[in-house]
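Engineer: Need coordinates for the below:
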Amino acid sequence: MNLALIKEKITNCGLKFTHQRMVIFLALTKSESHPSAEQVYEEIKGSNPSISIATVYKTLDSFVQAGLLRKTIDQNGVMRFDSKLDAHSHLYCKTSHEIRDYENEKLEKLLQDFIESNDFDGYEIDEINVVFKGHKREKTIN
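Structural biologist: The predicted model follows:
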């Protein structure tokens, strides 16, 4: 993701564009595994030593409030962050605690059709969170 697009995403949500926000958002969009605040901090602190862990937490929270990120809690109760906002599911490895996106149009359509054709006792469903839990298989070399 280029700098102009990051700046546009941040400012379109009503947030001021700062170096800290840019670096943190870039780290999240580059990650494939839905990092925790601590993982984001570890990723950026080498090249950005003036950014504190408190800044990372506050920035992630402001991104969630602005609708730029989603929060999810892993099996160990650790808060993780997802920069992908469109409909998708997740794969969770119980061994490594890695969370990855899983996209399947057929599954998303099935879920949407189910929601539209069922009553949820007065609830309006605006988000679905499907997590497939298991263990990541080792790749075999042929």
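Engineer: does residue 26 belong to a helix or a strand, and which?
Structural biologist: Using DSSP states H and E, residue 26 falls within helix 19-30.
Engineer: What is that helix packed up against?
Structural biologist: Judged by 3 or more CB pairs under 8 Å, 6 or more residues apart in numbering; DSSP states H and E, helix 19-30 is in contact with helix 3-12, helix 37-44, helix 53-66. (Glycine included, C-beta is placed from N, CA and C.)
Engineer: And residue 132, its phi and psi?
Structural biologist: Main-chain dihedrals, residue 132, degrees, to the nearest 10: phi -100, psi 120.
Engineer: Okay, domains of this structure per the record?
Structural biologist: Per automatic domain parsing, the structural domains of the chain span 3-82, 89-134.
Engineer: Turn those into JSON lines, including mean pLDDT and mean neighbour count.
Structural biologist: Output for those, formatted as JSON lines (pLDDT from 0 to 100; neighbours: other CB atoms under 10 Å):
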{"stretch": "domain 3-82", "mean pLDDT": "92", "mean neighbour count": "16"}
{"stretch": "domain 89-134", "mean pLDDT": "88", "mean neighbour count": "12"}
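Engineer: ok, now which ones touch the most centrally placed residue in the chain?
Structural biologist: Central residue of the chain (CA atoms, centre = their mean): residue 82, 0.3 Å from the mean position. Counting by CB atoms under 8 Å, 6 or more residues apart in numbering, residue 82 touches 34, 69, 70, 71, 72, 99, 101.
Engineer: mind redoing it with 7 Å?
Structural biologist: Applying CB atoms under 7 Å, 6 or more residues apart in numbering, we find residue 82 in contact with 34, 69, 70, 72.
Engineer: Okay, and which of those residues map to strands?
Structural biologist: Among the contacts of residue 82, DSSP state E puts 70, 72 in strands.
Engineer: I'd say residue 66 and residue 14 touch.
Structural biologist: Yes. Contact status for residue 66 versus residue 14: in contact at 6.4 Å, counting by CB atoms under 7 Å.
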